[in-house]
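In: sequence plus predicted model, see below.
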Number of protein chains: 2
Amino acid sequence: MHRPRKEMIAETRAKLIGAARQAFGTLGYAEASMDDFTASAGLTRGALYHHFGDKKGLLQAVIAEIDAEMSARLKVVSAKADNLWQGFVDECTAYIEMALEPEIQRIVLRDGPAVLGDPSQWPSQSACIRSMTESLQRLSDEGTILAVDPETAARLVSGASLHAAQWIANSDDPEATSKKAVKAFKVLLEGLLNRTGRLHQPDQQSSMQPEIDQLPA
Amino acid sequence: MHRPRKEMIAETRAKLIGAARQAFGTLGYAEASMDDFTASAGLTRGALYHHFGDKKGLLQAVIAEIDAEMSARLKVVSAKADNLWQGFVDECTAYIEMALEPEIQRIVLRDGPAVLGDPSQWPSQSACIRSMTESLQRLSDEGTILAVDPETAARLVSGASLHAAQWIANSDDPEATSKKAVKAFKVLLEGLLNRTGRLHQPDQQSSMQPEIDQLPA
DNA sequence: TCAATGGGCATACGAAGCGTATGTTAATAG
DNA sequence: CTATTAACATACGCTTCGTATGCCCATTGA
């Protein structure tokens, strides 16, 4: 039998990533002991070093997994919108909502950059950015937004989103904070809109409101 | 004599902060050995623990010092502008330029959040945000920008700025990247402008251009 | 079927690094 | 003048990481 062998190996990798993800997400990268969370997976550090080289390598794998999930979620959101602008807006709100999750905040937004360096250089991070970039590219082709470099705009918007999410999540009153953040975010985003012609221009006033007004605490 | 005593103590603190700032800025927080950089200041860890409690406490002190310097620089920039909008724009560009400095990037933007948590909760970080918030408040009073919560807008703008700066600093071609970033940043910022009345409305097209087009590499 | 090879993982060891507990000195207070 | 306290240094133990080594099982080729 060839399969059981390969499956055991894949399972070991998955168990290590899962245990590390749990530990990194709750304790943080620096405080997570490799002895502890490998033991919680029924393994030792030997397996870890064999598969991932070192602790940083495992963090990379964990982040790649999370980032793939985030990217998939964004694609789903933008795909089921009525028009492109709405899809982009939904994508932004989904991005903020994801950034509110403690695991993503801790691993991807806080420890990741400190240990692995600037996220814009990660091979995985490009997935989320690319998704937003493609949306903006289509909006630009369509004439809905002004002619700006889509990737650049995506990075600025994601930067604002991520900071907003961290601010919201750590504020005293997350609900009130999110409302203020969304309102201001909407105003900023409208800077992108093409106001000279009115071709394909969607309803601007109501477009940002849905769903995000009541965010999870 | 009372003074020499107090001065020696202050000097010890300053030497520790200086040595730590150097080590954190070049090696990074995690890789900086307390034994090493205290020795480089002619001291031992004993002094460190006495004055700052632990390694995190020292990082806090270092960040507080850097943040104070940043805040002072921002105030100078915004004070010498001709009008409020221009002052705000200059402040943003100065913010981006500061975020390009390796020491600030490493200590304040990368290691700081990982070790001390979300920057919006730091007592010191409020200084820079407050500066931008005040600028936006005045612009709002003046009618130049739309009625958005000034602090919220300041946080969004600073978030976009910081991410842009990190992207620029780590890109293959920082100069080209900065040009694209500034252009898109300008478009976004114009979302804040009040376009209904034309009272106090400054020249929008040229206002973002100065100085930042040629950023330091 | 039976070596033999190699990959998957555990164990053992050494080296730092951190935090604390304990000195030691010098200045200030009474 | 003594006693106390602040400002550091020294010493110790604990944890953690990385590597070197060893074991075992599965695949492979004859």
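Out: Received the coordinates, thanks. Numbers count the residues shown, from 1 in each chain, chains lettered A, B, ... in the order given.

In: check the spacing between the spatially most central residue of chain A and A:L59 real quick.
Out: Compute the mean C-alpha point of chain A, and by Cα atoms, centre = their mean the closest residue is A:M70, 5.1 Å away. The gap separating A:M70 from A:L59 is 16 Å, by Cβ to Cβ, to the nearest Å. Every C-beta, even on glycine, is put in place using the N, C-alpha and C of the backbone.

In: host element of the residue nearest to the centre of chain A?
Out: helix A:55-79 (DSSP states H and E).

In: buried stuff in that helix?
Out: A:55, A:58-67, A:70-71, A:73-74, A:77-78 (16 or more other Cβ atoms under 10 Å in any protein chain shown).

In: packing partners of it?
Out: On a contact count with 3 or more Cβ pairs under 8 Å, 6 or more residues apart in numbering or on different chains; DSSP states H and E, helix A:55-79 meets helix A:3-27, helix A:45-52, helix A:84-99, helix A:112-116, helix A:126-142.

In: go again using 10 Å as the cut-off
Out: Under the contact criterion of 3 or more Cβ pairs under 10 Å, 6 or more residues apart in numbering or on different chains; DSSP states H and E, helix A:55-79 touches helix A:3-27, helix A:34-40, helix A:45-52, helix A:84-99, helix A:112-116, helix A:126-142.

In: what's in contact with the second one?
Out: When contacts are taken as Cβ atoms under 10 Å, 6 or more residues apart in numbering or on different chains, the neighbours of helix A:34-40 outside the stretch itself are A:15-16, A:18-24, A:26-27, A:33, A:43-49, A:54-55, A:58.

In: can you pull the contacts of the closest residue to DNA strand C within chain A?
Out: Of all residues in chain A, A:G46 sits closest to DNA strand C, at 1.9 Å by Cβ to the nearest atom of the strand. Counting by Cβ under 10 Å, 6+ apart, A:G46 touches A:T38.

In: cool, the one 3 residues further on as well?
Out: A:Y49 makes contacts with A:M34, A:T38, A:K55, A:G57, A:L58, as judged by Cβ under 10 Å, 6+ apart.

In: in these, find the pair that's most separated.
Out: Longest distance between any two of those is 13.6 Å, between A:T38 and A:G57; criterion Cβ to Cβ.

In: common neighbours of the two, please.
Out: By Cβ under 10 Å, 6+ apart, the residues touching both A:T38 and A:G57 are A:L48, A:Y49.

In: on that earlier part again, possible to save the helices and strands packed on helix A:55-79 as a markdown table with distance to DNA strand D and mean pLDDT?
Out: Formatted as a markdown table, the helices and strands packed on helix A:55-79 follow (distance: least, Cβ to the nearest atom of the strand, whole Å; pLDDT from 0 to 100):
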| stretch | distance to DNA strand D | mean pLDDT |
| --- | --- | --- |
| helix A:3-27 | 3 | 92 |
| helix A:34-40 | 4 | 97 |
| helix A:45-52 | 4 | 97 |
| helix A:84-99 | 26 | 92 |
| helix A:112-116 | 11 | 96 |
| helix A:126-142 | 26 | 90 |
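
In: save the ones you listed as a markdown table, and put in distance to B:H163 too.
Out: What follows is the helices and strands packed on helix A:55-79, written out as a markdown table (distance: least, Cβ to Cβ, whole Å):
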| stretch | distance to B:H163 |
| --- | --- |
| helix A:3-27 | 22 |
| helix A:34-40 | 31 |
| helix A:45-52 | 28 |
| helix A:84-99 | 12 |
| helix A:112-116 | 10 |
| helix A:126-142 | 11 |
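
In: what's the closest of these to A:L192?
Out: Once these are compared by Cβ to Cβ, helix A:126-142 is nearest, at 8.0 Å.

In: let me see the mean pLDDT of the helix or strand that that closest one is followed by.
Out: Sequence-wise, the next helix or strand downstream of helix A:126-142 (DSSP H and E) is helix A:150-170. Averaging pLDDT along helix A:150-170 gives 94.

In: what's helix A:150-170 packed up against?
Out: Using 3+ Cβ pairs under 10 Å, 6+ apart, helix A:150-170 sits against helix A:84-99, helix A:126-142, helix A:174-189, helix B:150-169, helix B:174-189.

In: pick the most deeply packed of the ones you listed.
Out: Mean neighbours per residue, mean count of other Cβ atoms under 10 Å in any protein chain shown, is largest over the helices and strands packed on helix A:150-170 for helix B:150-169, with a mean of 25.

In: report the angle between that helix and helix A:174-189.
Out: 60 degrees (axes from the mean of the first three to the mean of the last three Cα atoms, to 10 degrees).

In: on that earlier part again, so which of the contacts of A:Y49 is the closest to B:P113?
Out: Distances from B:P113 to the contacts of A:Y49, taken by Cβ to Cβ, are shortest for A:K55, at 19.4 Å.
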